[in-house]
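*Asks:* A predicted structure for the sequence below; I have some questions about it.
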Amino acid sequence: MNIVVRYFASVREKLGERELIDLSAISEPSLPRTVGELHTWLTQRSPEHAAALHEDKGLRTAFNQTLCAADQPLVEGAEVAFFPPVTGG
């Protein structure tokens, strides 16, 4: 299952615009099944991910361009976006 992870504002500056994640390549038990689990998994990828996505940043999350909660299930082809609470145009 493939998903696209997009980053905006200060997160984009640290991690780039997007990543394509192949969830089928992730082994159990670390396989993320929800947006919240994906966030946790991403913070463990690298020190840069950990710093950019740290919980104290108060990041918002969108699933297919709609704000979502951490328990939103991931599905094939989904787009998950992370962005600060206030972003510029």
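*Replies:* Sure thing, it's come through. Numbers count the residues shown, from 1 in each chain.

*Asks:* and the residue lying closest to Gly36 once chain neighbours are set aside, which of the three is it?
*Replies:* Of all residues not flanking Gly36 in the chain, Ala70 sits nearest, at 2.9 Å (CB to CB, 6 or more residues apart in numbering). All C-beta spots, glycine's among them, are computed from the backbone N, C-alpha and C. Recorded secondary structure, Ala70: coil (DSSP: H, G, I helix; E, B strand; the rest coil).

*Asks:* Wait, Ala70 touches Leu59, no?
*Replies:* No: the criterion here is CB atoms under 8 Å, and Ala70 misses it with Leu59 at 10.9 Å.

*Asks:* out of these two, which sits in the more crowded spot?
*Replies:* Leu59 (20 against 12; other CB atoms under 10 Å).

*Asks:* circling back: intersection of neighbour lists for Ala70 and Leu59?
*Replies:* Common neighbours of Ala70 and Leu59, using CB atoms under 8 Å, 6 or more residues apart in numbering, are His39.

*Asks:* Quick check: the residue nearest to Gly36 vs Glu13, distance?
*Replies:* Ala70 is 24 Å from Glu13, where distance means CB to CB, to the nearest Å.
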